[in-house]
Every structure is written in structure tokens, then in C-alpha cells.
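Novice: Output the structure for:
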Amino acid sequence: MPGDSGTAVASRAARARRRRAPIRRDAKVAPTRGFPVATQRKAYILTVCTANVCRSPLAEFVLREALDDLPGFESVVVESAGAGSARADAVCTRVAGRRDTEQWRDLAAAHRPRTLTKALVTRSQLILTASRSARAAVARIAPDARSRTFTMREALWLAEDYRPDPALVGRDAVLALAVYLDRQRGLRPAPVPRPKRLWGSAPVDPFDIRDGHNIDDRAHGATLDDVEHDARRIAAQLSSAAEQTKPGLLRTTLRR
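Specialist: Prediction:
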């Protein structure tokens, strides 16, 4: 029919206009496949260890401490969980006593160890684990979460050349970092593990923060220092305004 050709021409013209439409430089970061859409502009960061009494709550507290007062980051919710069964009813005393501030005391008093669930994983835009085993636990619960799940040290390794965009805050900053980390996978060779020791202990995985909670005081203290150091560096990757890492806290295991 005569009208059909006119309709087809108009449709082709509309498609051409859309193709020519310029990309806005101020456009917000859009989630890619595998990244959940944040609810009501909120973004969730989830930290995971084994029992949710030591490493993951410390990482949660440090990230909250660093981000809570930053303009635009009010929409970022940081929480934690354990890949194993919750065996305690409070955060460990050494984490609780790590700061003597009202905010820290409130965080420690309110913390109740909980077990990782699919609901927690599904709503999180960035998942940071203390170890590869905890990362694997996340993948077993929600295989499609792989694109946004990293050990803390893996995230820092992949983000070595990343510089946060000052224009991106809150949810957009979290998504930008998570997308960057996922795209870097396979582009950087994994760091070399520490060699196996003479007396037979297994090689140290460079992407793990060792669980020193039940070893001895020295190992426990080293674990806490490592978690704090890495969490501060991750906060700085989310925003250049975040408090920078205190020097001398970590003897890093990452080696080229």
C-alpha cells in the first residue's frame, strides 16, 4: 500500500537518528550483565569470610568508617556474612576493641554473626571475600555473581591502575569499580604464590588473607592488620576522598 512505504522510510530515519545520537559524557554508569540493579539508588557491598566474627566484620566496619561521611555515599550499604555456620553471637573482642570511637563501639555492639544467603548475594553490587574459599562459597550460592565477586587482595591486584572518577559517587562509584575489576580479569597474570615451606605447610595463596583468629595472638593481630590495610585501600579505590591507607600496616603477599 502507498502508506506502507512512507512508514518504512520514517522508521529507518528514526533508527538513523538514534544511531547518530551523541553519547553523553555525564551519563551514569549502567550495570552490565551479572550486576543487579540497585534498589532505590542504593548500592550494597558485601564482605564475606568463614564465620563472620573477625575478618569480614572488620572489613565492613573499616569500609563504613571510611565511606559513611563522604558526600554522595549515603546510599552505599556495607554489610557482612560468613560462608560457614555462625558459631558465635558477637564480633571477636579484638575487632571490637580496635577503635575507641562511638561509631566503632556502636558497630561492634550491633554486630551479630550471620550465615551467607542467596538474598544477600543477589542484592550486592560488589562482593569482597577474605579468601578464595569464601569466594567459591558465594559462587555456589549464586553462580551469576562471579562477575562482581573478588577476594579483597584480588580486587586490589586487578585495580592497581584504577583511578576513581571524582564525578562518580555512591552507587555509580561502586558499579564503576566492580565493572572495571571484572573487565581486568584475564588481562593481568595472577601473582606468584609464596613457595611451600620446608616443614611442609601449604603455599600461601597471594589472594587470601589468612585466618589467624584461632592460631595465636601474633597471627590474629597480623590478620587484623592485613584486613584493615586492604579495606582502606579498597575504600580509596571507591573515592579519592576516602581516608588513605596508614603506612606500615601490611606486609603484602602480592608479588609480580
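
Novice: So which residue is dead centre in the protein?
Specialist: L128 (3.8 Å; Cα atoms, centre = their mean).

Novice: who's in contact with that residue?
Specialist: Counting by Cβ atoms under 8 Å, 6 or more residues apart in numbering, L128 touches I45, L46, T47, V48, A59, F150, T151, M152, A155, I234. Where you see a C-beta, it was placed from the backbone N, CA and C, and this is true even at glycine.

Novice: Output stretch 109-123 as PDB, nothing but the C-alphas.
Specialist: Only the C-alpha atoms of stretch 109-123 are listed here, as PDB (Å, rounded to 0.1, in the frame of the first residue of the first chain):
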ATOM      1  CA  ALA A 109      27.800  -3.900  69.800                       C
ATOM      2  CA  ALA A 110      25.200  -4.200  67.000                       C
ATOM      3  CA  HIS A 111      27.000  -6.900  65.100                       C
ATOM      4  CA  ARG A 112      25.600 -10.400  65.100                       C
ATOM      5  CA  PRO A 113      27.400 -13.100  63.000                       C
ATOM      6  CA  ARG A 114      25.200 -14.400  60.200                       C
ATOM      7  CA  THR A 115      25.400 -17.000  57.500                       C
ATOM      8  CA  LEU A 116      25.700 -16.100  53.900                       C
ATOM      9  CA  THR A 117      22.400 -16.400  51.900                       C
ATOM     10  CA  LYS A 118      21.400 -16.100  48.300                       C
ATOM     11  CA  ALA A 119      19.400 -12.900  49.100                       C
ATOM     12  CA  LEU A 120      22.500 -11.200  50.500                       C
ATOM     13  CA  VAL A 121      24.500 -12.100  47.400                       C
ATOM     14  CA  THR A 122      21.700 -11.300  44.900                       C
ATOM     15  CA  ARG A 123      21.300  -7.700  46.100                       C
END
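
Novice: For whichever helix in the chain runs longest, list every residue counted as buried.
Specialist: If you go by DSSP state H, the chain has its longest helix at helix 217-238. Residues of helix 217-238 classed as buried under the neighbour-count rule (16 or more other Cβ atoms under 10 Å) are 220, 222-238.

Novice: Below-threshold pLDDT in the stretch 1-150 of the chain: ranges please.
Specialist: For the stretch 1-150 of the chain, the stretches flagged by pLDDT under 70 are 1-40.

Novice: now the helices: where do they sit in it?
Specialist: In the stretch 1-150 of the chain, the helices defined using DSSP state H, counting those that start in this stretch lie at 2-20, 55-67, 93-96, 102-110, 118-122, 132-141.
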